[in-house]
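Asker: quick one, fold the following:
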Amino acid sequence: MTRRAIDFPAMNWRPTLIAISAFVLVASGCSPSGGAPRWDWWNAGKQSSHEEMLAEEESPEAIHGAAAQAPARPAPPAPPPRDQPVDPPVEDAPVAAVAHKETPQRKKPSPGAIQPDVLLINNEPIRVIDILEPLNPRLEQLSRELPPRSYYQRAAQLVKGQIVEAVAQQLIWRRASEHVTDDLKPAIDKALDKVEKERINREFDGRETSYEKYIAKQGRTREEVRERLRRTVIIDSYLRERLLPLVPAPRRDELLSYYNANKKEYEQPERRELFLIDLPVAEFVETRNIFGPSREENDAAWSRAREVAASARDAVLRGESFEEVARQYSRGPKRDEGGAWGLITRPADPGEAPLQGRWEKPSRRLFQLGEGQVSEVIEDAESQSLFIVKCGRVEGGGVISFKDAQPDIIETLRQQRFVKLRADFLQAELEKSTIGSLDDFMIMVMDAIPSPGGRSAGIAAP
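Answerer: Predicted structure coming up:
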């Protein structure tokens, strides 16, 4: 029987420390390239049973039920006609088909049929929980933030990516595990400790008790989760050792061709360091009441603010440090930091201000100054404020040269070639393997994802 090809996402080819970040991406359900992997086990244009399940969830009754549980949000725009692509485009046809489904009908299993809750790869199981445990925090967030249609599209992409990576790992785990030496085990454990700590800090505010409660809720133990990550590290190391020597170095003409075709990647937006003395007029109103200042009180406040601004600028012109003057005179945010706002990026649209709100006018003035220059006192009647701007260092504003870009291009092209070698290697392994129904397993996983509106579907512990 001929198997349909699966486009396997590749782990990072770079050395071990960088590989750690690659398997963090896998643990969170993403491919290292940043996109959802493509799948080919469904025929293009043919709606599979899992899509019908998604379409049923998109029925008016299902959406109405989700809306009753979720906060009100603007209605999504109507999908385009069938002959027009969805914007933004969805990578694989099965997911894209969801957006065009108009007559939702779910294919029900026959009476007495047993729905698989595991996917068998050479008699080794991948469970629904193995797919959803690393994805659930993200899925729960998306279920609260997105309308049902968009949520199911994104969830399907994440689930597919995680299943593909799980299949890839299962195909070569036994062979890869044979290459683990005693010398390598301490480095693997150290990497696992680092990744686990980063996940706890990122997703659970550094609280180990919250992390352990989450794992228990998923029906897993902490050691089981570590074992999954351990496999990822070992497999990545095995593939790099086996395949990296086969990756040819890019030729100069290939580097130049990539550079010319992707010049936007090497444009450096201009950034300027902003220092600001911020004087809101309201800070100079002497008497306060629920009705606000009178016209006379407001005029007096403007006069006091102008006096302070003039004194501050005179101090800067006398040679005093702008930062020290800001600490003494400024009344706005960043006063304690000496008015330092850090680097501000020039917008691509000339009509757009670098900063919004009260700081729109001074941020525009920043990009009119030279490095080290200090502005006049800027009065802004709309924001009821006075400002003094200093431009610190200036960065960017040009294009990285081909010479300077070459190391990055070499790395990019080698990674692309490694992706291809890895996919070919895994596809060859798949041809020699016995694998269960991916379509049926996809349905089981999608049945267990959180419902729209943040309601968890729940996963039973094994």
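Asker: now do the host helix or strand of residue 424, average pLDDT.
Answerer: Using DSSP states H and E, residue 424 sits within helix 402-431. The predicted model assigns helix 402-431 a mean pLDDT of 89.
Asker: list the buried ones in that helix?
Answerer: 402, 405-406, 409, 412-415, 417-419, 421-423, 425-427, 429-430 (16 or more other CB atoms under 10 Å). Quick note: C-beta positions are derived from backbone N, CA and C, even for glycine.
Asker: so where's this structure uncertain?
Answerer: 1-116, 454-462 (pLDDT under 70).
Asker: list the buried residues of the helix or strand encompassing residue 195.
Answerer: Using DSSP H and E, residue 195 falls within helix 185-204. For helix 185-204, the neighbour count (16+ other CB under 10 Å) marks 188, 191, 192, 195, 196, 199, 200, 203, 204 as buried.
Asker: now stretch 343-359
Answerer: 344, 346, 354, 355, 358, 359.
Asker: cool, stretch 386-404 as well?
Answerer: Going by 16+ other CB under 10 Å, stretch 386-404 has these buried residues: 386, 387, 388, 389, 390, 391, 392, 394, 400, 402.
Asker: same check on stretch 117-127?
Answerer: By 16+ other CB under 10 Å, the buried positions in stretch 117-127 come out as 117, 118, 119, 121, 126, 127.
Asker: for stretch 282-295, same thing?
Answerer: 284, 285, 293.
Asker: re earlier: mind putting the buried residues of stretch 386-404 in CSV, secondary structure included?
Answerer: Listed next are those as CSV, based on DSSP: H, G, I helix; E, B strand; the rest coil:
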residue, secondary structure
386, strand
387, strand
388, strand
389, strand
390, strand
391, strand
392, strand
394, strand
400, coil
402, helix
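Asker: which pair in those residues has the greatest spatial separation?
Answerer: Within those, 386 and 402 form the most distant pair, 46.9 Å apart (CB to CB).
Asker: coming back round to it: run the chain-centre distance for the helix holding residue 424.
Answerer: With CA atoms, centre = their mean, to the nearest Å as the basis, helix 402-431 stands 22 Å off its chain's centre.
Asker: need the contact list for residue 177.
Answerer: 231, 234 (CB atoms under 8 Å, 6 or more residues apart in numbering).
Asker: let's see it at 10 Å
Answerer: By CB atoms under 10 Å, 6 or more residues apart in numbering, residue 177 lies in contact with 230, 231, 234, 235, 238.
Asker: now do residue 342
Answerer: Taking CB under 10 Å, 6+ apart, one finds 271, 273, 274, 275, 334, 392 in contact with residue 342.
Asker: surely the fourth one meets residue 327?
Answerer: Which is residue 275. No - contact criterion CB atoms under 10 Å: residue 275 and residue 327 do not qualify, at 11.3 Å.
Asker: spit out the residues that contact these two alike.
Answerer: 334, 337, 338, 339.
Asker: circling back to that earlier point, and the buried residues of stretch 386-404, which is closest to residue 247?
Answerer: Using CB to CB, the buried residues of stretch 386-404 come closest to residue 247 at residue 402, 22.0 Å.
Asker: the closest one and residue 409 touch, don't they?
Answerer: Yes - using CB under 10 Å, residue 402 is in contact with residue 409, at 8.5 Å.
Asker: just the helices in the stretch 201-350 of the chain please.
Answerer: Applying DSSP state H, counting those that start in this stretch to the stretch 201-350 of the chain gives helices spanning 208-217, 222-243, 252-261, 295-317, 322-329.
Asker: go through those and name the closest to residue 438.
Answerer: Closest among the helices of the stretch 201-350 of the chain, using CB to CB: helix 222-243, at 19.6 Å.
Asker: and that closest one, what does it pack onto?
Answerer: Packing contacts for helix 222-243, counted by 3 or more CB pairs under 10 Å, 6 or more residues apart in numbering; DSSP states H and E, involve helix 16-27, helix 128-132, helix 148-177, helix 185-204, helix 208-217, helix 402-431.
Asker: packing partners for the last one?
Answerer: Meaning helix 402-431. helix 148-177, helix 222-243, helix 252-261.
Asker: list the buried residues for the second one?
Answerer: The neighbour-count criterion (16+ other CB under 10 Å) identifies 225, 228-240, 242-243 as the buried residues of helix 222-243.
Asker: related to what we said a few turns ago, for the buried residues of stretch 343-359, give me JSON lines that also has distance to residue 260.
Answerer: Formatted as JSON lines, those follow (distance: CB to CB, whole Å):
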{"residue": "344", "distance to residue 260": "31"}
{"residue": "346", "distance to residue 260": "25"}
{"residue": "354", "distance to residue 260": "30"}
{"residue": "355", "distance to residue 260": "35"}
{"residue": "358", "distance to residue 260": "43"}
{"residue": "359", "distance to residue 260": "39"}
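Asker: burial of the residue nearest to residue 396 when sequence neighbours are not counted, as a residue count?
Answerer: Distances taken as CB to CB, 6 or more residues apart in numbering place residue 268 nearest to residue 396, at 3.6 Å, with adjacent residues excluded. With neighbours defined by other CB atoms under 10 Å, the count for residue 268 comes to 11.
Asker: residue 268 touches residue 398, doesn't it?
Answerer: Yes - using CB under 10 Å, residue 268 is in contact with residue 398, at 5.7 Å.
Asker: so which of the buried residues of stretch 117-127 belong to strands?
Answerer: Mapping the buried residues of stretch 117-127 onto strands (DSSP state E) picks out 118, 119, 121, 126, 127.
Asker: hmm, back to that, tell me which of the helices of the stretch 201-350 of the chain sits nearest to residue 178.
Answerer: Among these, the nearest to residue 178 by CB to CB is helix 222-243 (8.9 Å).
Asker: so what are the domain limits for this protein?
Answerer: Here the domain parsing of the chain from automatic domain parsing is 16-251+408-447, 270-396.
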